[in-house]
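Student: Give me a model of this one.
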Amino acid sequence: MDGNATDRSNGEIAMVDSDQCSSSSPGDYRLFDRKTPIHQIIGGGTAADIILWKCKKASICVLILATAVWFLFEKSGLSFLTICSDVLLIMITLRFIHVNIASLLNKQLRPLPELVLSEEMVHNAAATFRARVNNILMIAHDITLKKGFKLFCQVMAFLWLISVAGNFCSFFTFAYIGTIFAITVPAIYNKFEEHVDKYAGIVHRNISKHYKVVDENVISRLPKGFNKDKAS
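Tutor: Alright, predicted model coming up:
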């Protein structure tokens, strides 16, 4: 009797543990399998604070500035070169008039900050650009050598979506939409992170199940020359 009771209690404990594991697995999933907070992924510092709306005034200024630039390029009918030249002309003219009026009134002007790129800034920008380009070249190299059918499908889907979006909007509209998404989506995700990760984990598991079926029934039956990575 005692042994049966012990076995029964152990079985119930095992079932409870398995239920807890299965129920906690959706919460354990992190979007894009990230290991660090979203603030650090964005880059940290002032830029991340603006994107996550921790500096609300700066975030609102970015939205207003992006909207004004988009309206200027899309609705004015002027070209990019014309707008840039006009803006620089107005700024230089106003500064010239301000300096001359101050000299006539014997007023002392505030010194302008020196617009100089430091060597460290140039090296950091070059290193970041080099890392991004190398990452893109590695992806292109893997696709060219047929290493990863899944990666090939992802890149093709991404390029196809950009091609379709290009038929409905111009480059500046596309850049404006990207800016709006960049300034709003990370902030919304940061606010509702737990809920988004929970449902994203459910979707990820369902997609993985379907991909496993396609992998077993289609991809594994492709010629070995096309599917070298699975043989290795």
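Student: contacts and neighbour counts: CA atoms only from here.
Tutor: Noted.
Student: If you rank every helix and strand of the chain by mean pLDDT, what lands last?
Tutor: Per-element confidence for the chain was summarised using mean pLDDT, DSSP states H and E. The lowest value among helices and strands belongs to helix 2-28, with a mean of 46.
Student: And for the helix or strand that comes right after it, what's in contact with it?
Tutor: Tracing the chain past helix 2-28, the next element assigned as helix or strand by DSSP states H and E is helix 38-42. Applying Cα atoms under 8 Å, 6 or more residues apart in numbering, the contact partners of helix 38-42 are Ala48, Asp49, Leu52, Pro186, Asn190.
Student: Buried among those? Need that as a selection in PyMOL.
Tutor: Command for PyMOL, covering only those of the contacts of helix 38-42 found buried under the criterion 16 or more other Cα atoms under 10 Å:
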select buried, resi 48+49+52+186
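Student: Same list (the contacts of helix 38-42) but as JSON lines, adding secondary structure, pLDDT and distance to Met91.
Tutor: Supplementary listing: those in JSON lines, determined by DSSP: H, G, I helix; E, B strand; the rest coil; pLDDT from 0 to 100; distance: Cα to Cα, whole Å:
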{"residue": "Ala48", "secondary structure": "helix", "pLDDT": "83", "distance to Met91": "30"}
{"residue": "Asp49", "secondary structure": "helix", "pLDDT": "85", "distance to Met91": "29"}
{"residue": "Leu52", "secondary structure": "coil", "pLDDT": "86", "distance to Met91": "31"}
{"residue": "Pro186", "secondary structure": "helix", "pLDDT": "87", "distance to Met91": "34"}
{"residue": "Asn190", "secondary structure": "helix", "pLDDT": "85", "distance to Met91": "38"}
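Student: possible to save the contacts of helix 38-42 as CSV with distance to Arg95?
Tutor: Putting the contacts of helix 38-42 into CSV (distance: Cα to Cα, whole Å) gives the following:
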residue, distance to Arg95
Ala48, 33
Asp49, 32
Leu52, 35
Pro186, 38
Asn190, 42
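Student: just curious, which of the contacts of helix 38-42 is nearest to Leu105?
Tutor: Asp49 (42.2 Å; Cα to Cα).
Student: Now the closest one. Nearest residue, chain neighbours left out?
Tutor: For Asp49, ignoring the flanking residues on the chain, the nearest one in space by Cα to Cα, 6 or more residues apart in numbering is Cys55 at 5.9 Å.
Student: Just to check, the one you found is in contact with Ala48?
Tutor: No - Cys55 is not in contact with Ala48 according to Cα atoms under 8 Å; the separation is 9.4 Å.
Student: For the helix or strand hosting Gly178, name the packing helices and strands.
Tutor: For Gly178, the enclosing helix or strand under DSSP H and E is helix 171-191. Counting contacts by 3 or more Cα pairs under 8 Å, 6 or more residues apart in numbering; DSSP states H and E, helix 171-191 is packed against helix 45-51, helix 56-75.
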